[in-house]
Each structure stands twice: as structure tokens, then as C-alpha cells.
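Colleague: The following comprises the amino acid sequence and a computationally predicted model.
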Amino acid sequence: MRRKESEEAVRRLNTDLLRHSNALQAVNMELEAFSYSVSHDLRAPLRAIGGFSQILLEDHVAKLDEDGKGCLGRISRAANDMGILIDDMLALSRVTRKELAREAVDLSAIVAKKADDLHKLHPEREVEFVIADGMRVNGDSSLMSIALENLLHNAWKYTSRHRTAKIEVGTEVIDGQTVFFVRDDGAGFDMKYAEKLFKPFQRLHAADEFEGSGVGLATVQRVISRHGGRVWATGAVEKGATFYFTCEQPQEVFVHA
């Protein structure tokens with residue numbers, strides 16, 4: 001009798017869990033659809049604002065006084081910033097919706113390519129990259145590429161006010177687990193605000209200090225979470241920052257620190 005009651009209790013619990021899981025999935029899908037729709041619907045009026053502002057600046061600027069020129073310039077910059085934010089919101093939405101296609105991913109090769117791209121885009125910067133060999137994970141190649149791109153752009157951005165900089169990508173063993181990291185010697189951050197880092201639209205630096213939408217690290221967190229890993233950071237003001245993440249590794253591959 002007691003066994004039958006226990007089995008019935010387990011059955012009811014499983015039914016409730018399935019119902020809650022389905023409800024949560026439906027809510028998430030609605031939120032993603034809403035975000036995607038809003039982002040797309042904002043593009044048309046935003047393009048109009050930016051386009052007409054540019055026309056005024058190019059063709060009618062002689063009719064404006066200095067205050068008018070300043071206001072128009074601010075409108076144009078605000079439209080551009082909103083466009084960047086929309087792009088980042090769409091990227092975050094795509095990361096959430098994309099079905100994982102797991103394979104052995106060569107992180108070292110991805111980082112080397114991203115580092116080369118950054119040097120080509122900004123040849124005036126003196127930034128040394130130190131990239132460990134043999135870093136591989138079992139994951140989705142396109143999503144891991146997005147995560148690494150955001151982490152590297154973050155390090156590149158926050159070292160931009162230093163004459164020279166060093167960005168290191170490698171591994172450490174923490175509590176018996178291999179952990180990947182991206183480390184820089186840039187602006188850093190106050191650890192009391194560390195919990196804000198991976199929340200969308202949360203910024204630890206003013207927009208006039210460093211550009212950005214506050215979505216990049218949230219995207220990183222979403223990618224790593226979807227791979228069953230976790231991401232965290234340590235840092236100190238003007239002493240750089242280190243971003244750590246875990247991810248499943250192909251068992252036949254050794255990772256070099």
C-alpha cells in the first residue's frame with residue numbers, strides 16, 4: 001500500500017514538473033519572439049531618424065546655428081547607438097534560439113583568428129596576445145566563436161586607454177577542473193559590482209569612458225550556460241580583469257595550460 005502511494009506521489013510530481021517545464025518554455029518562447037519583433041520593428045523608424053539627420057547635416061547645415069548643429073549631431077549619434085543596441089539584442093536572441101550542434105571546437109584557432117582581426121582593424125594599438133595551444137571544447141562552434149569574440153572585444157576595449165597592453169587566453173586547473181580564461185591588464189573593475197557584469201544593459205563604466213551596449217557579457221553568459229558551464233570574473237580597478245568559463249572538453253584531447 002505504501003509503495004503504491006509513493007509511486008502515485010512520484011507520478012504526480014513528474015506530471016507537475018512537466019507542466020511547469022512546458023509553461024516556462026512557452027513563456028521563454030514568447031519573450032524571445034517579443035524581443036525579436038520589437039528589435040525588427042524599431043529598425044525602420046530608426047533608419048529614418050538617422051537618414052534624415054544625415055541629410056540635414058550634409059545639405060542644410062549652413063542654415064543651422066551652432067546649437068542646432070550640436071543638437072542634430074546628438075540625434076545622429078543617438079540613432080547610431082540605438083542601432084548598435086538593436087543588433088546586440090538580436091544577437092542575444094539568436095544565441096538563445098539556436099539549436100546546439102556539438103563538435104570538437106578548437107578555441108586556440110578561434111582566438112588566434114579574432115586576435116589577428118583586431119590587430120588588422122586597429123594597427124595603431126600595441127597589444128600583445130598570449131594564446132595557449134591545444135584549447136578545445138565539446139560545443140557549438142558558432143556559439144563559442146560568439147562568446148570568445150565578445151570576451152576578446154571586451155579585453156581590447158578596456159585596455160584601449162593604456163599605451164601598451166597584454167591579453168592572455170589560456171587555462172587553469174581550479175578544484176580539479178580545467179577552466180578557460182581571458183585576462184587583460186586594462187581598466188579592470190571594482191569587485192563589489194561583479195554580479196552586475198553578466199546582466200543585460202548593466203554597465204560598470206560610463207558611456208563616455210568606454211562605448212558599448214551592456215549586452216556582450218550577457219551574451220557570453222548565455223552561450224556558456226547553454227553549454228552547461230558557468231562564467232565569472234575577477235578584477236581590480238586599473239589592474240585588469242580575468243574572465244573565467246567552464247565547458248565540456250573532448251575526452252581524447254589534452255588541454256595545455
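Modeller: The structure has been received and is ready for your questions.
Colleague: Nearest residue to the most centrally placed residue in the chain in space, please, no chain neighbours.
Modeller: Nearest residue to the geometric centre of the chain (Cα atoms, centre = their mean): G216, 2.7 Å. Once flanking residues are discounted, G216 sits nearest to N150: 4.2 Å by Cβ to Cβ, 6 or more residues apart in numbering. For glycine as for every other residue, the C-beta is placed from the backbone atoms N, C-alpha and C.
Colleague: Now do the contacts for the one you found.
Modeller: Counting by Cβ atoms under 8 Å, 6 or more residues apart in numbering, N150 makes contact with 216-217, 219-220.
Colleague: now Q249
Modeller: Counted by Cβ under 8 Å, 6+ apart, Q249 has contacts 136-138, 178, 255.
Colleague: How about K98?
Modeller: 140, 142-143.
Colleague: Let me know the closest of those residues to A48.
Modeller: The closest of the contacts of K98 to A48 turns out to be S142 (Cβ to Cβ; 32.4 Å).
Colleague: and that closest one, that's in a strand?
Modeller: No - under DSSP: H, G, I helix; E, B strand; the rest coil, S142 falls outside any strand and is assigned helix.
Colleague: Quick check: it vs V231, distance?
Modeller: 18 Å (Cβ to Cβ, to the nearest Å).
Colleague: between the two, which one's more packed in?
Modeller: When S142 and V231 are compared for neighbours, V231 comes out ahead with 22 against 14, by other Cβ atoms under 10 Å.
Colleague: who's that one bridged to?
Modeller: Assessed by DSSP bridges, V231 has beta-bridge partners F245.
Colleague: any idea which helix or strand comes after the helix or strand harbouring R74?
Modeller: Using DSSP states H and E, R74 maps to helix 66-97. Moving toward the C-terminus from helix 66-97, the next helix or strand (DSSP H and E) is strand 102-106.
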